[in-house]
Every structure is written in structure tokens, then in C-alpha cells.
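Q: My questions concern the predicted model and sequence given below.
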Amino acid sequence: REVQELAAELEELSRAVEKQGKENEKKALGIDEELAKATEGAKEHKRQAEDLERRLKGLDEEAAKAREETQGVRTQLEGSERKVLDLTAELVEVKKQVEQNELRAQSGQEDAQKLQGHVRVLEGQKDT
């Protein structure tokens, strides 16, 4: 169950990384568009150029934050992937132990049946 939960979390983190990547691309395209507008508008009023520079700075800061968030999500994703691998290995080991225990239990039952047979034989001999 924990492996399934981690797998679901891994899938959710993967979607979040993909979504964040798409948003980053959109933001980057928006920045490129703003740069083109700023170049064309450079002939215009100085106030408009300053306004565009402020907007560009804000977009750069958002893009930097988005890159940091994306890296954080990737780090979490890598951690989750390692945890899933560890848990999978642990699950394999537990399954081996369960299988060994089942074999021991079966062997124990067979031994018990043999002993019961011997007891019956001995009881039968005792009665005679």
C-alpha cells in the first residue's frame, strides 16, 4: 500500500513538474514578447520604456522563482523515486521471507502428520 501511495505521489509530482515546465515555457515566451515590444517601443516615450523594464524585471523574478520551484519538485521526485526503489527491494525481501515461512509451515505440518502417524502406531502397539 505504501508503495502504491508513493507511486501515486511520484505520478503527482511528475505531473506537477510537467505543468510547471509548461508554465515556465509560457512565461519565457511572455518574456520574449515583452522584450520585442520593448525594442519597438524604445522610440516612444521614456516613461513607457521604464514601465516595460519594471514589468520585465518582475517576469524575470517570477521565472527565477519558477525555476527554483521546478528544481525543488525535481529533487522531491528523485527522493520519492529512491524511496520507491528502496521499498520495492524491501517488499521483495519480505515476500522471500513469507515464502520461506510458508515452506517451513508446510514442512512442520508434514512432520506433525508423520509424528501423529507414529503416535497412532505406538498406541496401537501399546494396546496389543
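A: Yep, that arrived. Since we're looking at a predicted model, the values are computed, not measured.
Q: Surely V73 is in contact with K19?
A: No. If you go by C-beta atoms under 8 Å, V73 and K19 don't touch, sitting 9.6 Å apart. For the C-beta atoms, the positions are set from N, CA and C on the backbone; glycine is no exception.
Q: I'd like to know which elements the helix or strand of the chain with the lowest mean pLDDT is packed against.
A: When each helix and strand of the chain is scored by mean pLDDT, DSSP states H and E, helix 2-40 comes last, with a mean of 87. On a contact count with 3 or more C-beta pairs under 8 Å, 6 or more residues apart in numbering; DSSP states H and E, helix 2-40 meets helix 46-127.
Q: What residues does E78 make contact with?
A: Shown in contact with E78 (C-beta atoms under 8 Å, 6 or more residues apart in numbering): no residues.
Q: coming back round to it: looking at V73 and K19, which is more packed in?
A: More neighbours surround V73 than the other of V73 and K19, with 18 against 12 (other C-beta atoms under 10 Å).
Q: Could you find the closest non-adjacent residue to that one?
A: Among residues not flanking V73 along the chain, V17 sits closest, at 5.0 Å (C-beta to C-beta, 6 or more residues apart in numbering).
Q: how many other residues sit next to the one you found?
A: By the criterion of other C-beta under 10 Å, V17 has 18 neighbours.
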